[in-house]
Every structure is written in structure tokens, then in C-alpha cells.
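Visitor: Need coordinates for the following:
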Amino acid sequence: MQRDYQELLAEIKEITTADGFVSSCLEIKESLYFYELDLMLAAYTASLELLAAAALLHATLKSRADLLKARAAVEHYVENLLADLNKFRFPLDVQYVVDRFLQGPAPRIRWRLAVYGEMMQAYAALEAAPSEGLDELLRRAHRLLRGREAELGPKLTAVLGQVGARMLRGARLRPIWLQVSHPRIQIALSGLQTLMNNLRVTPYFNYPLEDLATERQKRRKVKGNVVADLGVFRNFRQGGSGYTELNIPLERDEYDNFLEGFSTGFQYLDVEPDEVVVDLITMILEARLVHGGVDSRFLLRLLVYCNRWKLSQVSDTILELLEELDWDDPLFYESWSLLKSFAGKALPAMRRFVRKHRDSPLLPYLALFLSSGPPSKRRWSLLKEIFEHYPEENEDKVHIALSIARYGGEEAVAFLEQVLTSAKSSNGAYRRELEKALAAAKQEAGH
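Guide: Numbering: from 1, shown residues only. Got it, this is the predicted structure:
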């Protein structure tokens, strides 16, 4: 049944005053067998977010205008709460609780409410069978962070809102995303998953939701009666059945179990990968590009697996990762070893990388790789391209020239002679190094 979202907003207003916050926390504290501050604050946060999502959903079921009105009201109430808690001085024990709330849950609530608002807008516009799944959306979210685009906040919120909309319709979040995601994304995901778990145990919704038109049909009033009351949320705060972000149950499939196995060892090393596995591994490595906190041991085991099965499909991501890592990082060594193990299969990815990053500090390493393998037209053309488009006449460009000399052959000699001829106006130190490279090339060619 559809109820007036204004009642839900009134409940939110009640618990987002300074007195309402303290009273709600006391209710939760009294319901706990063992008092734990973080659990109390997590329960308050979860009940507030559940109320907010319920209000936004019921407003969505009415109209877009009602959703905008409800969203503005929820954000206003929460901002007033944070302002009041920062403004007032409370008794010593209460102030301690308030400070812990402001330092931890408060910023997370503000960010999640923005995501929940976008989630409801995306849900209203969602097609019956959306083509883009959660994994692909989360890959897009991490790529947004890496792109450092202008207006990143609204774009990221919109993508995470689409994630939430699909979760409302029953899409399952993989546990791995809570482990490897950038903190900004992980905070939103933990809130969304906690919200979905709580929707399962409330009588307000038959979770997962169906499309908007069907949900509106289901919630028509019958003879003016409205089923359910606000007690479900009050009971949640007072210790009824519910979930917080401190305990997030997640469903797992065979792929989740597979990935989880790499957190502890190599029990899946002999399991042959399929396309889903390759995509998931690539997405995890992409997440590492924006989140240095991903467990290195887990990633190293994934790289061993990629080497075992020669998954050259990850070459593009490995190259991007190599550019981000310090050369003395163990992950750099393993990534470089993996790339070398792909041999010629990595060349297309290398060419794409070279054309995208003309002055990358990784280019001398790639030139060394190209000079060490068996001669081929593809290797030679890429080696020349790296040198010709490298913008600075510096030590790195000299190293690239030395790799050309190491590649050897008459082509290398002729190319370096031409380079030296055109470098007449270059500084003396650079020219001298080119002469050394040319001499090495001639020696390699047996001149």
C-alpha cells in the first residue's frame, strides 16, 4: 500500500534534531545486551538511512516533483542535525558520542543520501531489463575517479545511483567490491547493501522491487486504508531485527568463492578461467589504479594466476598499473614479469599505451622489452615510434636509443645514423650519448 511520504519525513525530522539524536541513541543503547558505541551509532545510521530511502521511494511512487521535494527535505534535516551537533556543547558523555558520530558516520550519511536520491531517480527511469550490470557500472565508477574529470562528484553519484537502482530490482553486489573499491565508492556500496538487507526485513516493500508502474499499481489504497506503520523503523532502532554496516551479509556465487580463495592461497590455480573470470580480474586490477589500499598479497596471487593461464587480455591494465607503481614495489616486479610472459601477445596493448602516453617514464622499460625479444616488423616499428615521439632529449630518450642499438641489425644502424644527423642542434651531452648508441649498434651488426 502507498502511504504519505510526509509521515516518513516527520519521523526523520524527529530523529534529526539534537534531542532526537540523543533520544534515539538512548533507545538503541537500552536495547543492547552489551553496550558498544560503534554499534549504537551504526544502528542509528542504518535506521535513518532506511527511513530516508523509504520516504524517497514513496515520493517517487507519486511523482518526480514529490521525489525532488522529499529529497530536499531529507537533506535539509540531516544538514540541520550536523549543524546543531557542531554548535551545541553537551554533557561530557554525550559530547563524546556526538564527536564520534561527527567524525565517522556523519560524512558517510551525507554522501550516501546523495547516492540514494540518484538511486530513486534512476529507478524511476530504469528499463524492465537493464543491459548494464553492477560489475560494469562499478568499473565505470572507478574509471571516473581515474579520469579526474571536472564535475566528478555529480557524475560519480549518478553512476552509483544506477548501481542502487539495479540493487533495488534485485541485482546482487559481489563481495569483492567491498574489498577492492576506492573508499569513496566503498562507503556508498556498504550503505546500499545495508539498505537492501534492511528492505528485506521491513513490511513496507516486497523486495526486490518491480518496475515503477507495477509498484504504483500494487500500492493503490483500498477503501482508504493504509497498511503498516512507522513502528518498523522504531523497532529497528530499539533492537529489532535489522542490519548495520558492521554486519553486511552477502550472497555468493561460484565466481565470488573463486576470488575469495585468492585471499588465502592458491587453491584455484588449476581452475581454467572463463570470460567472466577474466573480466572480474581486469576490473579488480583497474580498481587498484585508483585505490592503493587493495591487499597486495591478494593482487600478487591474481597475477600468478594470470601468468599460469597467460591471460594477455589484462595487458592494457597491467601497463597502466606499471606506470602508477614505484619501480621498487613488489607488485611492479610481478606485473613486469607477467607482461614479459605474454611476449608478442602484449604488443597490441603496448602500442595503445605508447600512443596514449607519449612521455611516460615507463617507455624506456617497454623499449628494453621490445629490444630483447625476437626481431619482427611489429617490434621494430613500435620501437621506432617510441623514440620518434618521445618529446624530451634526456636520459630516458638515450635509454630508448640504446634499446634500438641492442635490437641490432642494419635497420638499427641506419635509423641511428639518421637520428644523429638530425640532432646537430641538440646539446653536446645528448649527441655524445647518441654516438655511443650508434657505435653499439654497429658493433651489434658486425661492422
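
Visitor: Leu82 - nearest residue in space that isn't next to it in sequence?
Guide: Ala106 (5.6 Å; CB to CB, 6 or more residues apart in numbering). No exception for glycine: its C-beta is placed from N, CA and C like everyone else's.

Visitor: List the buried residues for the helix or strand containing that neighbour?
Guide: Ala106 is part of helix 105-125 when elements are defined by DSSP states H and E. For helix 105-125, a neighbour-count test (16 or more other CB atoms under 10 Å) marks 105-106, 108-109, 111-124 as buried.

Visitor: hmm, who's touching that helix?
Guide: 41-42, 44-45, 48-49, 52-53, 56-57, 59-60, 64, 67, 71, 74-75, 78-79, 82, 85, 157-158, 160-165, 168-169, 184, 187-188, 191-192, 195, 209, 212 (CB atoms under 8 Å, 6 or more residues apart in numbering).

Visitor: Mind giving me the ChimeraX select for those, buried ones only?
Guide: Selection of buried members from these for ChimeraX, criterion 16+ other CB under 10 Å:
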select :41,42,44,45,48,49,52,53,56,57,59,60,67,71,74,78,82,85,157,158,160,161,162,163,164,165,168,169,184,187,188,191,192,195,209,212
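
Visitor: quick one: which of the contacts of helix 105-125 sit in helices?
Guide: Among the contacts of helix 105-125, the members found in helices (DSSP state H) are 41-42, 44-45, 48-49, 52-53, 56-57, 59-60, 64, 67, 71, 74-75, 78-79, 82, 85, 157-158, 160-165, 168, 184, 187-188, 191-192, 195, 212.

Visitor: all helices of the stretch 201-350 of the chain, in order?
Guide: Applying DSSP state H, counting those that start in this stretch to the stretch 201-350 of the chain gives helices spanning 212-218, 231-237, 254-261, 275-288, 296-309, 315-324, 330-342, 347-356.

Visitor: how about those helices, which one is nearest Ser372?
Guide: helix 330-342 (8.3 Å; CB to CB).

Visitor: for the stretch 201-350 of the chain, which spans come out with low pLDDT?
Guide: The model of the stretch 201-350 of the chain has pLDDT under 70 over residues 204, 219-241.

Visitor: now do the stretch 1-150 of the chain
Guide: Using pLDDT under 70, the stretch 1-150 of the chain drops low at 1-3, 128-131, 149-150.

Visitor: Touching, Arg143 and Glu286? I think so.
Guide: Yes - contact criterion CB atoms under 8 Å: Arg143 and Glu286 qualify, at 7.0 Å.

Visitor: So which of those two has more stuff around it?
Guide: Applying other CB atoms under 10 Å to Arg143 and Glu286 shows that Glu286 carries more neighbours, namely 21 against 15.

Visitor: Tell me who's in contact with that one.
Guide: Counted by CB under 8 Å, 6+ apart, Glu286 has contacts Arg139, His142, Arg143, Arg146, Thr317, Glu320.
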